[in-house]
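Curious how this folds, go ahead:
(2 chains)
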Protein chains: 2
Amino acid sequence: MGGVTTVGDRADRADRVPKQDRSRATRQRLLEAAVACLAEHGWAGSTVSVVAERAGVSRGAAQHHFPTREDLFTAAVEYVAEERSTALRALFPQGAAGDRRAVVSGLVDLYTGPLFRAALHLWVAASNEEQLRPRVTELEARVGRETHRIAVDLLGADESRPGVRETVQGLLDMARGLGLANLLTDDAARRDRVVTQWALLLEETLG
Amino acid sequence: MGGVTTVGDRADRADRVPKQDRSRATRQRLLEAAVACLAEHGWAGSTVSVVAERAGVSRGAAQHHFPTREDLFTAAVEYVAEERSTALRALFPQGAAGDRRAVVSGLVDLYTGPLFRAALHLWVAASNEEQLRPRVTELEARVGRETHRIAVDLLGADESRPGVRETVQGLLDMARGLGLANLLTDDAARRDRVVTQWALLLEETLG
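Below you'll find the model as predicted:
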């Protein structure tokens, strides 16, 4: 509280900052390794030890950051979802700016690739595992709300008009379904045609 | 080939028919138990033994019908998908008949409930299990084509018009995404509003 900074304090702080940086970097490596691991091996093949090894971190350090397996994997999916949302927002600093198809395509891309695959494994595991279920339900609600907010912003959708909210929701449901269709085979060509057509339908509705 | 039926043949046949019926009934019980088991316990918790016990059938009899675990569960998802498709067609003997919302709602219902949950478990397991993957990929393609055909028929969609095919595909992707959204929580109220709105959009496009 506005105290005098002594030389000792300063030395102590200088020491602490890089340590915090290292700790943050370790955490990030663990989170990214956890998502990659879930996407590749599913929930059954994803343990804290496997992730720690992949991240090049000791098991003890991993458990210092994430005491339980549930902590690690829900944090990982949340972290990567936030990263991807931020990246999507950054692509359109001015919102749709007349190119709604590009926004729809960007939104759909959130649901293909390793992040969606990881989230899907977590989701399906949560439907059978009682310790995981409330955590994942809450996580999905939070990520879902944030994605909806981004979609409304980027599409320039006026949710005070009747039907607009449900139109955007249906679009995100479709994006999720397209992600699922891409799980076993490369569905990119078909997906592209669906995105083009639904971007047109959206254009008519959102005006 | 138009041979003479002897008394001995007839007796033999009379004997065989109820045995075939019993065999068909056993098969059906196994398939239904397999889908219920997948939906409740996921792939990891679903073995031939667990299903045989649930169906009240010996393990030997189960293996007579389905030599491998992969045979049993892919056959089960296919069988139940066919049953549900047939039931949906039966609901609309004259096609949409002016009520497209009811058709959209019926299509979306294919993706909620135990069948979708079972298929989803199989699907996600196939993404990590090499023996399962080609079987499930082929199954999904077949079931997907059949569902698309039903959707086109019931909606009275004219696929020779540009964009109509992709509109129907996108609708089925949305249905799949709505099924996923219903996995951990009861999403029926929101789903109902999305179905109402997208049935309206569809009406405008399909004419």
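
For stretch A:145-157, the averaged confidence score.
When pLDDT is averaged along stretch A:145-157, the result is 94.

Contacts for that stretch, please.
By C-beta atoms under 8 Å, 6 or more residues apart in numbering or on different chains, the residues outside stretch A:145-157 that reach it are A:81-82, A:85, A:88-89, A:92, A:95-96, A:100, A:103-104, A:106-107, A:110, A:159, A:164, A:167-169, A:171-172, A:202, A:206. For every residue, glycine as well, the C-beta is placed using N, CA and C.

Contacts for the helix or strand harbouring residue A:61, please.
Residue A:61 is located in helix A:59-65, with elements delineated by DSSP states H and E. Contact with helix A:59-65 is made by A:23, A:26, A:27, A:30, A:48, A:49, A:51, A:52, A:55, A:72, as judged by C-beta under 8 Å, 6+ apart.

For the fourth one, which residues are in contact?
With contacts defined as C-beta under 8 Å, 6+ apart, the neighbours of residue A:30 are A:51, A:52, A:55, A:57, A:62, A:65, A:66, A:72, A:76.

any idea which helix or strand carries it?
Here residue A:30 is assigned to helix A:7-41, by DSSP H and E.

start to end distance for stretch A:91-99?
Stretch A:91-99 has an end-to-end distance of 12 Å (C-alpha to C-alpha, to the nearest Å).

And the helices in chain A?
Using DSSP state H, the helices of chain A run over A:7-41, A:48-55, A:59-65, A:69-91, A:100-109, A:114-126, A:133-155, A:164-181, A:188-206.

To residue B:34, which of those lies closest?
helix A:114-126 (17.4 Å; C-beta to C-beta).

most centrally placed residue in chain A?
Compute the mean C-alpha point of chain A, and by C-alpha atoms, centre = their mean the closest residue is residue A:81, 1.0 Å away.

circling back to that earlier point, show me which of the contacts of helix A:59-65 are buried.
Using 16 or more other C-beta atoms under 10 Å in any protein chain shown as the burial test, these include A:26, A:27, A:30, A:48, A:51, A:52, A:55, A:72 as buried.

Could you export those as CSV, including pLDDT and distance to residue B:134?
Shown next, in CSV, are the buried ones among the contacts of helix A:59-65 (pLDDT from 0 to 100; distance: C-beta to C-beta, whole Å):
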residue, pLDDT, distance to residue B:134
A:26, 95, 40
A:27, 95, 39
A:30, 97, 34
A:48, 96, 32
A:51, 97, 29
A:52, 97, 33
A:55, 97, 32
A:72, 97, 32
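
Of the contacts of stretch A:145-157, which fall within the contact range of chain B?
Among these, the residues lying close to chain B (C-beta under 8 Å from any C-beta of the partner chain) are A:167, A:169, A:172.

Could you pull up the residues touching residue A:81?
A:115, A:119, A:143, A:146, A:147 are the contacts of residue A:81 under C-beta under 8 Å, 6+ apart.

Quick check: residue A:76 touching residue A:39?
No - counting by C-beta atoms under 8 Å, residue A:76 stays clear of residue A:39, with 10.4 Å between them.

Of the two, which one has the most company?
Taking neighbours as other C-beta atoms under 10 Å in any protein chain shown, residue A:76 and residue A:39 compare with residue A:76 leading, 26 against 21.

OK, contacts around that one?
A:30, A:31, A:32, A:34, A:35, A:38, A:118 are the contacts of residue A:76 under C-beta under 8 Å, 6+ apart.

Model confidence for it, exactly?
94.

mind checking how far it is from residue B:119?
26 Å (C-beta to C-beta, to the nearest Å).

what's around the residue nearest to residue A:88 when sequence neighbours are not counted, how many residues?
Nearest residue to residue A:88, sequence neighbours excluded (C-beta to C-beta, 6 or more residues apart in numbering or on different chains): residue A:106, at 5.2 Å. By the criterion of other C-beta under 10 Å, residue A:106 has 21 neighbours.
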